[in-house]
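A.B. asks: coordinates only, no sequence provided:
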């Protein structure tokens, strides 16, 4: 049949695709060589870093289990000629716990406060901008510089009640001084993480709270901060990690003695807190082959304890985040 | 050979095709006996309204009097005056950026949270200028539901209880709050669905349930006016229908103002409709009048889908 309308000749359709199901993900077989090499490098680096992390953890695990004795956590370091005689590192272990608790209890409220002010208020704008860059500057300052600055502050006569004084000379080395400066190390992490959490809350959620007659402060306390809790916790954990990992401030501002050196005449917690002390990081340094003590077995044991603390912090962050995920979030 | 070739694409002659803007909006009445309706309205809004008929009564609760709102340079609302009555649903319609949301947010002074916003004119709530009412008190009397369902990240119970508690106060006894929480959920038609799961996280509810929870939250403050800013735009048709029925059933206890982009929705649930365009209130009249025989040419063009 010839139709009056001439249909232009259309090439025969290509054969239907083979029924074999294709992978949804493209293969790299069709890529240029340089792209394939790049992908291979990415893979390689990823595996390399996994291997490095695993090596550190496993090596310390093996060494730690080999040398760590539970009594080391409860016996103070003593003078002795062999590693068997020189006791444990209970003072360092307790010292780490003390600076961690004191440092984060300064940094957490201050950091959350600064973050709330920056995100929710931020007025006057100029002051907010200055604060922002100040926090960033603090984050960039090496802790040894902070430590040096700390000696200036805490050696002043006015702050003599925070450390040991002798004949009018303020030593400026104490748990108070070290914790105060360590809190500055943790502060930027708390601020950044809390800000991130607050910024992630959509504006209409705040307005929903205002729209039922809630004040800004009630909204912040009851809605915004609970919602940002996982990020606040992350900031606190990261900050804690930095505090327990810091050595420079400990050496300069805590005196880095091997044992507690309580101030005579002060009442109980203050005699220790005003005195000098040490932490695990400093103990590891001193006990390492380059340190004054040179007892590497105990260095491994202490490093292992330190590593366990950091891993515990990571686990805690995970738990907080998992719990928050159960509550759900807003669809965007 | 002929059978293998695909059939040629049939193109409609252009001059016969109706303008695209007219085909995208199907008339609601066209499928249920439009032929019986006498003289179809320009927009084809001839279908039966789903609402339970004409309002039983109407009490004037709010009065917008010569209100202008501007953000920095741009004037968003230009001297608008209109009444808001309990017993009725008022719908604000108009193209994007016409100022309807700004007008809505001015009613409970949420616009003032935007620093650049400048207001002039008056809004009266029961004959009292809202500028003289403490904003937190005003916002308990004029509550609002937003476009995105935004329950707070806590349990269903706590979402309502949060509204009932005093500012930042400690937890009150659950038993003292329970009756009020239950009644708010019942008024929002959600109680039957969540009564066994009051402690479940609110953000785990479905979108429609979340939005009804937000309405329950807004009702828990026992407001006089309920503002709804496109409450159904993020929801599926079925949830939309549930919420529309809810809105209509609420109009006797609160004055309802709804902003909507959906003309069909405005036609279905509103008793009065205000059409805004570029900040001007172009036309304010009853829904049947505005959709059936609009006075203004711009209204007619908008409801018939000529622009928007």
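C.D. replies: Sure, I can see it. Values in this document were obtained by computation on a predicted structure and should not be read as measured data.
A.B. asks: so which residues of the stretch 151-300 of chain A form strands?
C.D. replies: A:165-166, A:169-170 (DSSP state E, counting those that start in this stretch).
A.B. asks: sheet partners, orientation included, of the first one?
C.D. replies: Strands that pair with strand A:165-166, judged by DSSP bridges, come out as strand A:169-170 (antiparallel).
A.B. asks: what's in contact with the partner strand?
C.D. replies: A:154, A:155, A:156, A:157, A:159, A:160, A:163, A:164 (CB atoms under 8 Å, 6 or more residues apart in numbering or on different chains). Glycine gets a C-beta too; all of them are placed from N, C-alpha and C.
A.B. asks: also stretch A:115-123?
C.D. replies: By CB under 8 Å, 6+ apart, stretch A:115-123 touches A:128, A:131-132, A:190-192, A:194-195, A:198-199, A:216, A:220, A:224-225.
A.B. asks: still on that earlier bit, which one of the strands of the stretch 151-300 of chain A is the most hemmed in?
C.D. replies: Sort these by mean neighbour count, taking mean count of other CB atoms under 10 Å in any protein chain shown, and strand A:169-170 sits at the top with a mean of 16.
A.B. asks: what mean pLDDT does it get?
C.D. replies: Mean pLDDT, strand A:169-170: 86.
A.B. asks: centre of the chain to it, how far?
C.D. replies: 34 Å (CA atoms, centre = their mean, to the nearest Å).
A.B. asks: stretch A:323-332 now?
C.D. replies: The answer for stretch A:323-332 is 24 Å, by CA atoms, centre = their mean.
A.B. asks: tell me what the helix or strand hosting residue B:282 is packed against?
C.D. replies: Residue B:282 belongs to strand B:280-286 when assigned by DSSP states H and E. Secondary-structure packing of strand B:280-286 (3 or more CB pairs under 8 Å, 6 or more residues apart in numbering or on different chains; DSSP states H and E): strand B:74-86, strand B:272-277, helix B:297-303.
A.B. asks: quick one on the thing from earlier: of the contacts of strand A:169-170, closest to chain B?
C.D. replies: residue A:159 (35.6 Å; CB to the nearest CB).
A.B. asks: can you pull the contacts of the closest one?
C.D. replies: Applying CB under 8 Å, 6+ apart, the residues near residue A:159 are A:153, A:170, A:172.
A.B. asks: could these go into a markdown table alongside distance to residue A:324?
C.D. replies: Shown next, in a markdown table, are the contacts of residue A:159 (distance: CB to CB, whole Å):
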| residue | distance to residue A:324 |
| --- | --- |
| A:153 | 38 |
| A:170 | 45 |
| A:172 | 42 |
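A.B. asks: which of those residues lies closest to residue B:274?
C.D. replies: residue A:153 (64.3 Å; CB to CB).
A.B. asks: show me what contacts the closest one?
C.D. replies: If you count contacts by CB under 8 Å, 6+ apart, then residue A:153 has A:159, A:172, A:177 around it.
A.B. asks: which residue, other than its chain neighbours, is closest to residue A:227?
C.D. replies: Using CB to CB, 6 or more residues apart in numbering or on different chains and skipping the chain neighbours, the partner closest in space to residue A:227 is residue B:153 (5.1 Å).
A.B. asks: where does the one you found land in three-state SS?
C.D. replies: coil (DSSP: H, G, I helix; E, B strand; the rest coil).
A.B. asks: related to what we said a few turns ago, how about the helices and strands packed on strand B:280-286, which one is nearest chain A?
C.D. replies: Closest among the helices and strands packed on strand B:280-286, using CB to the nearest CB: strand B:74-86, at 16.4 Å.
A.B. asks: what comes into contact with that closest one?
C.D. replies: B:58-70, B:90, B:99, B:102-103, B:106-107, B:121, B:224-225, B:251-255, B:257, B:272, B:274, B:276, B:278-281, B:284.
A.B. asks: angle of that strand against strand B:280-286?
C.D. replies: Going by axes from the mean of the first three to the mean of the last three CA atoms, to 10 degrees, strand B:74-86 is angled at 20 degrees with respect to strand B:280-286.
A.B. asks: tell me the strands beside strand B:74-86, with direction?
C.D. replies: Counting by DSSP bridges, strand B:74-86 is paired with strand B:59-71 (antiparallel).
A.B. asks: please state the offset of the partner strand from the chain centre?
C.D. replies: With CA atoms, centre = their mean, you get 17 Å for strand B:59-71.
A.B. asks: can you pull the buried residues of it?
C.D. replies: Across strand B:59-71, burial judged by 16 or more other CB atoms under 10 Å in any protein chain shown covers B:61, B:62, B:63, B:64, B:67, B:68, B:69, B:70.
A.B. asks: give me the pLDDT for residue 43.
C.D. replies: The chain I'm using is chain A. pLDDT, residue A:43: 96.
A.B. asks: ah, I was thinking of chain B
C.D. replies: Per the predicted model, pLDDT is 52 at residue B:43.
A.B. asks: also residue A:275?
C.D. replies: Per the predicted model, pLDDT is 91 at residue A:275.
A.B. asks: and for residue B:247?
C.D. replies: At residue B:247, pLDDT is 92.
A.B. asks: chain A contacts on the stretch 201-308 of chain B?
C.D. replies: B:201, B:203, B:204, B:207, B:214, B:217, B:218, B:220, B:221, B:227, B:234 (CB under 8 Å from any CB of the partner chain).
A.B. asks: of those residues, grab the buried ones for PyMOL.
C.D. replies: Listed next is the PyMOL selection for buried residues among those, using 16+ other CB under 10 Å:
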select buried, chain B and resi 201+203+214+217+218+220+221+227+234
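A.B. asks: these two touch, right, residue B:221 and residue B:163?
C.D. replies: Yes. If you go by CB atoms under 8 Å, residue B:221 and residue B:163 touch, sitting 5.3 Å apart.
A.B. asks: just to revisit the earlier point, possible to save the helices and strands packed on strand B:280-286 as TSV with mean neighbour count and mean pLDDT?
C.D. replies: As requested, these are arranged in TSV below (neighbours: other CB atoms under 10 Å in any protein chain shown; pLDDT from 0 to 100):
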stretch	mean neighbour count	mean pLDDT
strand B:74-86	19	92
strand B:272-277	25	94
helix B:297-303	20	90
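A.B. asks: now the residues of the stretch 201-308 of chain B next to chain A in TSV, with secondary structure and distance to residue A:45?
C.D. replies: Formatted as TSV, those follow (DSSP: H, G, I helix; E, B strand; the rest coil; distance: CB to CB, whole Å):
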residue	secondary structure	distance to residue A:45
B:201	strand	40
B:203	helix	38
B:204	helix	39
B:207	helix	42
B:214	helix	48
B:217	helix	50
B:218	helix	53
B:220	helix	55
B:221	coil	56
B:227	strand	55
B:234	coil	42
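A.B. asks: rewinding a little: tabulate the strands of the stretch 151-300 of chain A (CSV), appending distance to residue B:189.
C.D. replies: Below are the strands of the stretch 151-300 of chain A laid out as CSV (distance: least, CB to CB, whole Å):
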stretch, distance to residue B:189
strand A:165-166, 72
strand A:169-170, 70
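A.B. asks: quick one: which of those is nearest residue A:35?
C.D. replies: Per CB to CB, nearest to residue A:35 of the strands of the stretch 151-300 of chain A: strand A:169-170, 63.6 Å.
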